[in-house]
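Enquirer: turn this into a model:
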Amino acid sequence: MLNPFHHDRQGYPRPSPSIQKTAVVLVGHGSRREGANREFTALAEAYGAIRPQYRVSRAYVELAAPSMAEGLASAALERLAGKEAVPVVLVPVLLAAAGHVKNDIGLALEQARKDHPGQPFVASRDLGVHPVLTRLAFGRFKTALDSLDGKNGSAGKGLADTCVVLVGRGSSDPDANGEFYKTARMFGEGRGLGWVLPAFMGITTPSVKDALNVAARLRPRRLVVVPYLLFGGVLADRLKAQSAAFAQSHPWVQVGMADPLGADEELFPLLDERIARALHGGESLPCDNCQYRTPLPGLADRVGGAKALLYSVRHAFAHRGETPQAHAHKPLERHVLVCGNRDCARRGSLRVLSGLRSRLRQLGLGRKVMVTRVSCMGRCGEGPTVAVYPDGVWYRGVAHTDTDELVSEHLLKGRPVGRLVDGILQ
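Expert: Residues are numbered from 1 along each chain as shown. Reported below is the predicted structural model:
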């Protein structure tokens, strides 16, 4: 059988011209900042322009349009109109395999396969820990360092007295956080840097503030904060403000900040690689250290049972196309998630949690509806946040006085409380 792929000088598989117009849907995270979405659009358009054998489109996991469901549906209709059974390839342009890759993409593919039974769909893995990404991040660091040295007249002094704080988004998934630590090691390995300190913008530790405090005690001459983020947006702006505040309070340290990775053509060989492996059947959703399948320390109760967060609803679907497994337990009727992170707790989420549990016990529904306190749900500043599954209804700004209405209307009658609805996941 003719191999439809060949390799370039760097060893990345490149599709040969014999494969025409394979539909590729690049999926980004999405941002409330339109500038970040424009960066992703630029990446997709540039990639499509130099890969004429693909019909490249884009979609987002959340916060922007089109959604994954819309992107896959559009690509499928185009493929079916051409009467060809060529797979639609979904490529998560995400740096790590956390919940979006392990849950949301699996659900989107499952639904797309149901909605378009004549069209095959495949998904590549996330971008992951890869030399292309660490080289790109190091290049951003060097640009920021050169700028810093130019301002301070200290060029050519070497890197032994330089500290890097490498900052990731942060996840509730230990596997994804572990991969980021591996990235930090690969970033600094063999480059002569004094220190490389990993940190996270939220959800887990160490925080950026913690890492900067440690860096101050190390007393480096230069410190560069490197956002390990694909694009700008809310997190990059917040990190810039934190770096500026640190520089002001530590004038004896020369502080610089690098740019995010951005819509750089250096990413294209990595996209080629991911697409080629997906089409060859060599990729799958990352499951080796998946907290939904493997009992990890402190998270054993998340594996496949009724105690799971979204896992009791999502787990059965997210991996169905990868490795079938039995789910013998009787599912809950509903699972209510209440954000217990610092911001929501300050706004009264723990009273909401207590009120929901109390009312459900009074009604004898404790075994049918579970209420779980969870970590950050990504709606900081808009909480308290409550989500109800399997309905997929997310509420924001929920007060303790709203709990009776949520129970009586939504949990008993299936009628969402419209004035509190933030969104509905399809």
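
Enquirer: which SS state does residue 186 fall under?
Expert: Put simply, residue 186 is helix when judged by DSSP: H, G, I helix; E, B strand; the rest coil.

Enquirer: show me what contacts it?
Expert: For residue 186, the contact set (CB atoms under 8 Å, 6 or more residues apart in numbering) comprises 129, 131, 134. All C-beta atoms are positioned from the backbone trio N, CA, C, and that covers glycine.

Enquirer: could you check the pLDDT of residue 279?
Expert: Residue 279 carries a pLDDT value of 89.

Enquirer: about what we covered before: which one of the contacts of residue 186 is nearest residue 349?
Expert: residue 129 (34.6 Å; CB to CB).

Enquirer: okay, residue 78: pLDDT?
Expert: Residue 78 is given a pLDDT of 73.

Enquirer: surely it touches residue 25?
Expert: No: with contact defined as CB atoms under 8 Å, residue 78 does not reach residue 25; the gap is 10.8 Å.

Enquirer: what count of nearby residues applies to residue 114?
Expert: 8 (other CB atoms under 10 Å).

Enquirer: any chance you could map the helices in the stretch 251-400 of the chain?
Expert: Taking DSSP state H, counting those that start in this stretch, the helices of the stretch 251-400 of the chain run over residues 268-279, 311-318, 342-346, 349-362.

Enquirer: chain center to the first one, what's the gap?
Expert: In terms of CA atoms, centre = their mean, to the nearest Å, the centre of helix 268-279 is set 19 Å apart from its chain centre.

Enquirer: and that helix, what does it pack onto?
Expert: Contact analysis of helix 268-279 by 3 or more CB pairs under 8 Å, 6 or more residues apart in numbering; DSSP states H and E lists strand 13-15, strand 22-28, helix 34-50, strand 88-92, strand 121-123, helix 131-152 as its packing neighbours.

Enquirer: so how far is the fifth one from its chain's centroid?
Expert: What it means is strand 121-123. With CA atoms, centre = their mean, you get 18 Å for strand 121-123.

Enquirer: now for it, which elements pack on it?
Expert: Against strand 121-123 (3+ CB pairs under 8 Å, 6+ apart) you get strand 88-92, helix 105-115, helix 268-279.

Enquirer: show the low-confidence segments of the protein, by residue range.
Expert: 1-20, 79-85, 154-157, 281-331, 425-426 (pLDDT under 70).

Enquirer: and residue 78 and residue 25? Which one has more around it.
Expert: Ranked by neighbour count (other CB under 10 Å), residue 78 and residue 25 place residue 25 first, with 27 against 16.

Enquirer: residue 115 and residue 411: what is the separation?
Expert: Using CB to CB, to the nearest Å, we find residue 115 at a distance of 29 Å from residue 411.

Enquirer: mind checking which of the two has more residues around it?
Expert: The residue with more neighbours, out of residue 115 and residue 411, is residue 411; 22 against 12, by other CB under 10 Å.

Enquirer: show me what contacts the more buried one?
Expert: 334, 336, 360, 365, 369, 388 are the contacts of residue 411 under CB under 8 Å, 6+ apart.

Enquirer: identify the farthest-apart pair in those.
Expert: The widest separation within the contacts of residue 411 (CB to CB) is 13.2 Å, between 365 and 388.

Enquirer: who has more neighbours, the two?
Expert: residue 388 (22 against 16).

Enquirer: apart from its neighbours in sequence, what residue is nearest the more buried one?
Expert: residue 336 (5.4 Å; CB to CB, 6 or more residues apart in numbering).

Enquirer: about what we covered before: the helices and strands packed on strand 121-123: which one's closest to residue 418?
Expert: helix 105-115 (24.5 Å).

Enquirer: and the nearest residue to residue 384 once chain neighbours are set aside, how many neighbours does it have?
Expert: Nearest residue to residue 384 in three dimensions, chain neighbours excluded: residue 349, at 3.6 Å (CB to CB, 6+ apart). By the measure other CB under 10 Å, the count of residues near residue 349 is 25.

Enquirer: check residue 387 too.
Expert: There are 24 residues near residue 387, going by other CB under 10 Å.

Enquirer: I'd like the distance between it and residue 264.
Expert: With CB to CB as the criterion, residue 387 and residue 264 are 35 Å apart.

Enquirer: outside of stretch 46-66, which residues touch it?
Expert: Residues contacting stretch 46-66 (CB under 8 Å, 6+ apart): 15-17, 19-32, 37, 40-41, 44-45, 67-68, 70-72, 74-75, 78, 94, 100, 104-105, 263, 265, 268, 271-272, 275.

Enquirer: might you report the residue contacts of residue 377?
Expert: Counting by CB under 8 Å, 6+ apart, residue 377 has contacts 337, 339, 341, 344, 383, 385, 387, 394.

Enquirer: helices and strands around whichever strand or helix holds residue 241, which ones?
Expert: Per DSSP states H and E: residue 241 is located in helix 234-249. Secondary-structure packing of helix 234-249 (3+ CB pairs under 8 Å, 6+ apart): helix 208-218, strand 222-227, strand 254-257.

Enquirer: minimum distance to residue 170: which of the ones you listed has it?
Expert: helix 208-218 (9.6 Å).

Enquirer: from start to finish, how long is stretch 397-410 in a straight line?
Expert: For stretch 397-410, the first-to-last residue distance is 16 Å (CA to CA, to the nearest Å).

Enquirer: go on, stretch 366-383?
Expert: 24 Å.

Enquirer: check the offset of stretch 342-352 from the chain's centre.
Expert: The chain centre lies 24 Å from the centre of stretch 342-352; the measure is CA atoms, centre = their mean.

Enquirer: could you find the closest non-adjacent residue to the residue nearest the centre of the chain?
Expert: Geometric centre of the chain, nearest residue: residue 100, 5.3 Å, by CA atoms, centre = their mean. Spatial nearest neighbour of residue 100, chain neighbours left out: residue 61 (4.9 Å); criterion: CB to CB, 6+ apart.

Enquirer: may I have stretch 214-226 as PDB, with CA atoms only?
Expert: Extracted C-alpha coordinates of stretch 214-226, given in PDB (Å, rounded to 0.1, in the frame of the first residue of the first chain):
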ATOM      1  CA  VAL A 214      10.900  32.000  45.700                       C
ATOM      2  CA  ALA A 215      12.800  33.700  42.900                       C
ATOM      3  CA  ALA A 216      13.300  36.800  45.000                       C
ATOM      4  CA  ARG A 217      15.000  34.700  47.700                       C
ATOM      5  CA  LEU A 218      17.300  33.200  45.000                       C
ATOM      6  CA  ARG A 219      18.500  36.800  44.300                       C
ATOM      7  CA  PRO A 220      19.000  36.400  40.500                       C
ATOM      8  CA  ARG A 221      20.400  39.400  38.600                       C
ATOM      9  CA  ARG A 222      17.800  38.900  35.900                       C
ATOM     10  CA  LEU A 223      14.300  37.400  36.000                       C
ATOM     11  CA  VAL A 224      12.100  36.700  33.000                       C
ATOM     12  CA  VAL A 225       8.500  35.600  33.200                       C
ATOM     13  CA  VAL A 226       7.600  33.400  30.300                       C
END
